[in-house]
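Chemist: take a look and give me a structure for this.
(one chain, ligands or ions: 1)
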Amino acid sequence: TRVPPEPFRIKMVEPVHVPDQQERERALEAGHFNMFGLKSADVYIDLLTDSGTGAMSKQQWAAIMMGDEAYAGADSFYSLKKAVKDVLGFDYTIPVHQGRAAENVVFGSLVKEGDVIPFNMPFDTTRGHIFNAKASSVDCVIDEAFDRETPHPFKGNVDIAKLEKALADNRGRVPFIMVTITNNSGGGQPVSLKNLRDVSAVAKKHGIPLLLDAARMAENAWFIKNREPDCRDMTVAEILKATMDTADAITVSCKKDPLVNIGGLVACRTEEMYYKVVPRVILFEGFATYGGLAGRDLEALAVGLREMVNEQHLTHRIAQVRYLGELLTEGGVPCIQPIGGHAVFIDAGAFLPHIPQGSYPADVLSIEIYREGAVRGIGLGALAFENVDEKTGARTFPKLELYRLAINRRTYTNSHMEYVAETIINVYNRRDSIRYGLEITYEPPVKGLKHFLAHLRPK
Ligand code: F0G
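Modeler: Model prediction:
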């Protein structure tokens, strides 16, 4: 076979319905042409996100029965704390209900108005939380990240010169440096261990903590094993530990690599940082040993953290994503290269070059792919990332106008990938006839959240 077969068998099936053309049109109208407005029942293959959409293992389902629902000090908290210590090496663990909750407690506790956080690139909710704390971020990712074709092995890397400049320009206003692994906003691209060590050295030199947004840390470690010659003989588990050794703390959406449907965590090394963060956990999430989760969720997460470094799982997963990317690339569809760890990112600007970026081509593409095959992906372009100047109304667009197909973990088969590729290649072959843009008829009042809630209309 061209791609490794699934390293699991299916024990329980979830039937899915293929809506007909009329149902698809009705669903688009009812959902205001926004993929977030569609009902799951109206979608055949749902690649909106890889977040919380994976299938749990039988070991995780069994662990759910072991949940201890005590308010404070539950056994399930200690299962989680031990898994974090064993797999990631941190002494202090705080569960939270998902990744953005970790951002809320960390940014709300450590960031003040006017602060600046150097990043490779933040994800959209992360950026939203930085705005919410009246702070800002500086993208320090390497230039290759913005180049669709460059086959750089670590396109998520931080450019150390850009980082040094960001620190020099903002002396006294940088509470920490943060690196997203893998870099979701830049195409699910990994960051090398060497680069993380270099960033960590810069952070130490300036006496500033380094934090990781580690939602896809196991995929990142798999890429390091396969692309960084110095790490070839290490296991993914060893690489992951070495990755974590570069950081003072992490925020994690456990709905991604750690294989749970809900959950997140903050982990750190010092009691000092733990006590800075924990009051806000109690305010927003719940007591420090459950953080907005049930005891059973903590148990499933403890198992998922150990399963995520299984190399057979990771090899199949990353190969499956690459298989979809290769099928699309062979069909002529412009994809970000190399193919990312959790998703295939299509260059919607190149797919629909005749639609101006201000008319949201990535979201037009979402609509057309849904129309063609009831496949749901998501636009990550101007609608998600444009900046509109509050005074002048002037718009600045992101460098990349992307459309993302995020692959759920352990959920779809390789033949589903073939169906998705055929659907999109059909749209590609009729791309010249797609001659409309989108306008916004409703926009939420909160900066950075437009793409989730906007009502759109073809024009
Ligand atoms: N950080 C990264 C890199 C993410 O990709 C996400 C979520 C978060 C933080 C926030 O975590 O959803 O658990 O609150 N990304 C999802 C996505 C939603 O579709 O890429 P969350």
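Chemist: residues touching L352, list them.
Modeler: 361, 364-365, 431, 434 (CB atoms under 8 Å, 6 or more residues apart in numbering). All C-beta spots, glycine's among them, are computed from the backbone N, C-alpha and C.
Chemist: before we move on, what about I250?
Modeler: Going by CB under 8 Å, 6+ apart, the list of residues near I250 reads 88, 90, 211-214, 217, 244, 265-268.
Chemist: surely K155 meets I142?
Modeler: Yes - applying CB atoms under 8 Å, one finds K155 in contact with I142, separated by 7.0 Å.
Chemist: compare the two (neighbour count), which wins?
Modeler: K155 (27 against 23; other CB atoms under 10 Å).
Chemist: let's see the pLDDT reported for the spatially most central residue of the chain.
Modeler: Nearest to the mean C-alpha position of the chain, by CA atoms, centre = their mean, lies N184 at 4.7 Å. Looking at N184, its pLDDT stands at 92.
Chemist: repeat that for R457.
Modeler: 97.
Chemist: report the distance from the strand or helix carrying it to the chain centre.
Modeler: Using DSSP states H and E, R457 sits within strand 455-458. Centroid displacement of strand 455-458 relative to its chain, using CA atoms, centre = their mean, to the nearest Å, is 26 Å.
Chemist: contact partners of it?
Modeler: By CB under 8 Å, 6+ apart, strand 455-458 touches 32-34, 37, 360, 363-364, 367, 383, 436-442.
Chemist: name only those of these that count as buried.
Modeler: Neighbour-count burial (16 or more other CB atoms under 10 Å) applied to the contacts of strand 455-458 gives 32-34, 37, 360, 363-364, 367, 383, 437-438.
Chemist: which of those fall in helices?
Modeler: Mapping the buried ones among the contacts of strand 455-458 onto helices (DSSP state H) picks out 363-364, 367, 383.
Chemist: quick one on the thing from earlier: which of the buried ones among the contacts of strand 455-458 sit farthest apart?
Modeler: By the measure CB to CB, G37 and G437 form the most distant pair in the buried ones among the contacts of strand 455-458, at 18.2 Å.
Chemist: ok, back up a step: I'd like the buried ones among the contacts of strand 455-458 laid out as TSV, including pLDDT.
Modeler: Listed next are the buried ones among the contacts of strand 455-458 as TSV, based on pLDDT from 0 to 100:
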residue	pLDDT
H32	98
F33	98
N34	98
G37	98
Y360	98
D363	98
V364	98
I367	98
L383	95
G437	98
L438	98
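Chemist: with distance to the ligand as added columns, please give those residues in TSV.
Modeler: Shown next, in TSV, are these (distance: CB to the nearest ligand atom, whole Å):
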residue	distance to the ligand
H32	20
F33	19
N34	15
G37	16
Y360	18
D363	15
V364	20
I367	19
L383	15
G437	24
L438	20
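Chemist: who does whichever residue of the stretch 351-459 of the chain sits closest to the ligand form a beta bridge with?
Modeler: Residue of the stretch 351-459 of the chain nearest the ligand, by CB to the nearest ligand atom: A406 (5.9 Å). Note on A406: beta-bridge partners A343, judged by DSSP bridges.
Chemist: please name the residues that touch the residue of the chain found nearest the ligand.
Modeler: Closest approach of the chain to the ligand (CB to the nearest ligand atom) occurs at G99, with a separation of 2.3 Å. With contact set as CB under 8 Å, 6+ apart, G99 has these partners: 51, 125, 213, 215, 251-256, 264.
Chemist: strands of the stretch 301-450 of the chain, residue ranges please.
Modeler: 343-347, 375-376, 378-380, 387-388, 395-396, 402-406, 438-442 (DSSP state E, counting those that start in this stretch).
Chemist: of the contacts of I250, closest to H451?
Modeler: D213 (19.3 Å).
Chemist: quick check: the gap between the closest one and E271.
Modeler: Distance of D213 to E271, given as CB to CB, to the nearest Å: 23 Å.
Chemist: so N220, which state does it fall into?
Modeler: helix (DSSP: H, G, I helix; E, B strand; the rest coil).
Chemist: quick one: residues contacting it.
Modeler: Counted by CB under 8 Å, 6+ apart, N220 has contacts 156, 181-182, 190-191, 243, 341.
Chemist: before we move on, what about A421?
Modeler: Counted by CB under 8 Å, 6+ apart, A421 has contacts 324, 327-328, 331.
Chemist: need the contact list for the nearest residue to it once chain neighbours are set aside.
Modeler: Nearest residue to A421 in three dimensions, chain neighbours excluded: L327, at 3.6 Å (CB to CB, 6 or more residues apart in numbering). With contact set as CB under 8 Å, 6+ apart, L327 has these partners: 417-418, 421, 425.
Chemist: try it again at 10 Å.
Modeler: Residues near L327 by CB atoms under 10 Å, 6 or more residues apart in numbering: 2-3, 333, 335, 344, 417-418, 420-422, 424-425.
Chemist: what's the answer for M66, then?
Modeler: Counting by CB under 10 Å, 6+ apart, M66 touches 75-76, 79, 295-296, 298-300, 302-303.
Chemist: just K112 next, same as before
Modeler: Contacts for K112 (CB under 10 Å, 6+ apart) come out as 133-135, 173, 175.
Chemist: top of the residues you listed by neighbour count?
Modeler: Sorting the contacts of K112 by how many neighbours each has (other CB under 10 Å) puts A133 first, at 22 neighbours.
Chemist: skip the chain neighbours and tell me the closest residue to K450.
Modeler: Per CB to CB, 6+ apart, closest to K450 is E443, 5.8 Å.
Chemist: follow-up on the earlier one: overlap in contacts, K155 and I142.
Modeler: Common contacts of K155 and I142, defined by CB under 10 Å, 6+ apart, comprise 120, 186, 189, 191.
Chemist: determine which two of these are furthest apart.
Modeler: Every pair of the shared contacts of K155 and I142 checked by CB to CB; the farthest is G186 and V191, at 10.1 Å.
Chemist: overlap in contacts of the two?
Modeler: 120, 141-142, 155-157, 180.
Chemist: now for these, which pair is the farthest apart?
Modeler: Every pair of those checked by CB to CB; the farthest is I142 and T180, at 13.5 Å.
Chemist: between those two, what contacts are shared?
Modeler: The contact sets of I142 and T180 overlap at 120, 156, 186, 189, 191 (CB under 10 Å, 6+ apart).
Chemist: mind picking the lowest-pLDDT entry from those?
Modeler: Ranking the shared contacts of I142 and T180 by pLDDT, G186 lands last with 87.
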